[in-house]
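**Student:** Take this sequence and fold it.
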Amino acid sequence: MSTSISIEAVVESELSKTWQCYTDPEHIVHWNFAHESWHCPAARNDLKIGGTYFARMEARDGSFGFDFETVYTQVRPMKDFTYAFGGREATVVFTEEEGRTRVAIDFIAETENSIDDQRNGWQAILNNFKSYCESAL
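**Tutor:** Model prediction:
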């Protein structure tokens, strides 16, 4: 049985800017990591059904890195998208709330790491996104 994990953040930014910062590779490379000892040196995003998302995540000291690649299964611009990766799925929903944007992510857990570690890691990346988006553009 698959376990679903939910995280969210409210970004002090209007919807169009939040969407742009989340989906544009020019911005993704600035926030897509959970800790300052990591970085995202490369990202590509073809945001359409059947399109792919790719991000390279690496430890800054070069000790470890991995590629994260997905395929979009649903895209509703400025609203939400769903992507598949490694036999799992994630959905990202953007909701505008009085000039702010709630970003909510639901994803299917993997079995290698604990639920808490997965939730904390994804939340740390989302928190990094929130900080970047609020200071960008």
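**Student:** what are the ranges of the strands in the protein?
**Tutor:** Secondary structure of the chain, counting by DSSP state E: strands at 4-11, 38-45, 52-59, 65-76, 80-85, 88-97, 100-108.
**Student:** any idea of the angle the shortest one forms with strand 52-59?
**Tutor:** Yep, that's strand 80-85 we're talking about. Per axes from the mean of the first three to the mean of the last three Cα atoms, to 10 degrees, the angle that strand 80-85 makes with strand 52-59 is 70 degrees.
**Student:** who's in contact with strand 80-85?
**Tutor:** Here strand 80-85 makes contact (Cβ atoms under 8 Å, 6 or more residues apart in numbering) with 47, 53, 68-75, 89-94. Where you see a C-beta, it was placed from the backbone N, CA and C, and this is true even at glycine.
**Student:** contact partners of the longest helix belonging to the chain?
**Tutor:** Looking across the chain with DSSP state H, the single longest helix is helix 115-135. Under the criterion Cβ under 8 Å, 6+ apart, residues 3, 5, 7-13, 17-18, 21-22, 27, 30-35, 103, 105, 107, 109-110, 113 lie in contact with helix 115-135.
**Student:** any weak-confidence spans in the chain?
**Tutor:** Residue ranges of the chain with pLDDT under 70: 1, 137.
**Student:** Please tell me how far stretch 87-99 is from the chain's geometric centre.
**Tutor:** Put simply, stretch 87-99 sits 10 Å off its chain's centre (Cα atoms, centre = their mean, to the nearest Å).
**Student:** re earlier: is there a quick ChimeraX command that grabs whichever of the contacts of strand 80-85 are buried?
**Tutor:** Entered in ChimeraX, the line below selects the buried ones among the contacts of strand 80-85, by 16 or more other Cβ atoms under 10 Å:
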select :47,53,70,72,75,89,90,91,92,94
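**Student:** Fine by me, we can end here.
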